[in-house]
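A.B. asks: pasting the structure only:
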């Protein structure tokens, strides 16, 4: 019987490692843009690759003429449920936001934020980060895309936000 226990002892770590790998692969997929979605596409192209996307009744407006006019099904990542919103300007997809509320969590989403930062490091490299009381932020640049994750830990409005947005370079004379 000692031989059986030894084999079982070796099998358990392998099974756990395989489970972690499967979960990690699912988490990575969820944090990337949906398959076929790319910044710069039109609303018709978005609907072609995400037929279940719904038009938002009251679109959110952001600076630069961005209009959050389309929404997709919620996505689970890092233990939170994120709602994706697609923002268009000049008839092009310019921003994708995943937002999850976290006020019901004791850590206000800090663990989810840390997991997404870890994922970002693996995909994009080291981040530019900041932390102050009540919020944390990490950002990366990938070709023509800015990617950032933000955690707000206000107990009434705690949230975690993952954003992909088209990179906007500015001439130094415009500043």
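C.D. replies: Sure, I can see it. All values derive from a computational prediction rather than experimental measurement.

A.B. asks: I'd like the next helix or strand past the worst-scoring helix or strand of the chain on mean pLDDT.
C.D. replies: Across the helices and strands of the chain, the lowest-confidence element by mean pLDDT, DSSP states H and E is helix 2-31, at a mean of 42. Using DSSP states H and E, the helix or strand that follows helix 2-31 towards the C-terminus is helix 43-49.

A.B. asks: buried sites along that following helix?
C.D. replies: 43, 46 (16 or more other C-beta atoms under 10 Å). Where C-beta positions appear, they are placed from N, C-alpha and C, glycine not excepted.

A.B. asks: could you say what helices and strands it packs with?
C.D. replies: With contacts taken as 3 or more C-beta pairs under 8 Å, 6 or more residues apart in numbering; DSSP states H and E, helix 43-49 sits against strand 66-71.

A.B. asks: starting at the chain centroid, how far to the strand it packs on?
C.D. replies: Counting by C-alpha atoms, centre = their mean, to the nearest Å, strand 66-71 is centred 16 Å from the centre of its parent chain.

A.B. asks: Quick check: neighbours of it in the sheet, parallel or antiparallel?
C.D. replies: As defined by DSSP bridges, the strand partners of strand 66-71 come to strand 54-62 (antiparallel), strand 80-89 (antiparallel).

A.B. asks: Report the buried residues of the very next helix or strand once past it.
C.D. replies: Next helix or strand after strand 66-71 toward the C-terminus (DSSP H and E): strand 75-77. For strand 75-77, a neighbour-count test (16+ other C-beta under 10 Å) marks 75, 77 as buried.

A.B. asks: Report all helices and strands that strand 75-77 contacts.
C.D. replies: helix 2-31, strand 80-89, helix 110-124.

A.B. asks: what residues are up against residue 150?
C.D. replies: Residues in contact with residue 150, defined by C-beta atoms under 8 Å, 6 or more residues apart in numbering, are 113, 135-137, 160-161, 163.

A.B. asks: Go again with 7 Å.
C.D. replies: Going by C-beta atoms under 7 Å, 6 or more residues apart in numbering, residue 150 touches 135, 137, 161.

A.B. asks: Touching, the first one and residue 148? I think so.
C.D. replies: Right, the one you point to is residue 135. No: with contact defined as C-beta atoms under 7 Å, residue 135 does not count as touching residue 148 (11.9 Å).

A.B. asks: which of those two has more neighbours?
C.D. replies: residue 148 (19 against 15; other C-beta atoms under 10 Å).

A.B. asks: Pairing partners for that one in the sheet, please.
C.D. replies: On the basis of DSSP bridges, residue 148 is bridged to residue 139, residue 163.

A.B. asks: isn't it right next to residue 136, touching?
C.D. replies: No: Residue 148 lies out of contact with residue 136 (C-beta under 7 Å); the separation is 10.8 Å.
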